[in-house]
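Participant: Just need the structure, nothing else, for what follows:
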Amino acid sequence: FGYSLLRLPTTWRTLTPLLRSKIFILLAGWCAWSVLSIAWSPATTVGLDMLKPIRMVFLIPILWPIMKHWKYLLLAFLTGVFLQNLVQISEVIGSLFLNGIDWKTGNRLSALVGLGSHTGKTALFMAFATISWVGIAIEHRQHRPLAIFSAILACGGMFATVSMAV
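Facilitator: Numbering: from 1, shown residues only. Take a look at the predicted model:
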């Protein structure tokens, strides 16, 4: 976020069409309403806790100036989720040989979160990766076997996190 602010004198021209779009205006209005609604909420601490995910709205203007390189951003994201799914599989296989003990922590394995610390966030990343891999499998025939394998892996990883929200 700080780096994006430093780059603002050179990137502001790319942000003006985004900030004028109706969808972004509605999104900003929704964020403002969510922040304002905490003022009359009986549980302000819960409201502030629920407000934390809204910070992802700032990701849109931060990444907007480099969105012409969206394929590299998507590839980096999908590679990260793929590696996380491989760690999950190693946890499952390792726990089978260690009678249910996680090879990384030494604790009994209950939820297979992989590299994440919150199952909801981890499962959300894997759900987005699953949708992306399905899109790649439909659109690009030459990458179809890898995309199908990766989609199954990400979908399995999403279920392994035991997150019910996603």
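Participant: And Glu139, how far from Leu96?
Facilitator: 36 Å (Cβ to Cβ, to the nearest Å). (Each C-beta comes from the backbone N, C-alpha and C, glycine too.)
Participant: Let me fix that, I meant to ask about Leu153.
Facilitator: In terms of Cβ to Cβ, Leu153 sits 18 Å off from Leu96.
Participant: out of the two, which sits in the more crowded spot?
Facilitator: A direct count of neighbours by other Cβ atoms under 10 Å for Leu153 and Leu96 places Leu153 higher, at 21 against 10.
Participant: In space, what's closest to the residue most central in space within the chain - neighbours in sequence excluded?
Facilitator: For the chain, Phe125 is the residue whose C-alpha lies nearest the centre (Cα atoms, centre = their mean; 3.4 Å). The shortest distance from Phe125 to any non-neighbouring residue, by Cβ to Cβ, 6 or more residues apart in numbering, is to Val81 (5.6 Å).
Participant: How about Thr14?
Facilitator: Once chain neighbours are set aside, the closest to Thr14 by Cβ to Cβ, 6+ apart is Pro65, at 4.7 Å.
Participant: show me what contacts that neighbour?
Facilitator: Ser4, Arg7, Thr11, Thr14, Leu15 (Cβ atoms under 8 Å, 6 or more residues apart in numbering).
Participant: burial count for Gly135?
Facilitator: Number of residues near Gly135 (other Cβ under 10 Å) recorded here: 13.
Participant: how far away is it from Thr10?
Facilitator: On the measure of Cβ to Cβ, Gly135 and Thr10 end up 32 Å apart.
Participant: rewinding a little: can you list the contacts of Pro65 in JSON lines and add pLDDT and distance to Lys71?
Facilitator: Compiled in JSON lines, these are given as follows (pLDDT from 0 to 100; distance: Cβ to Cβ, whole Å):
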{"residue": "Ser4", "pLDDT": "78", "distance to Lys71": "20"}
{"residue": "Arg7", "pLDDT": "83", "distance to Lys71": "21"}
{"residue": "Thr11", "pLDDT": "81", "distance to Lys71": "20"}
{"residue": "Thr14", "pLDDT": "82", "distance to Lys71": "18"}
{"residue": "Leu15", "pLDDT": "81", "distance to Lys71": "21"}
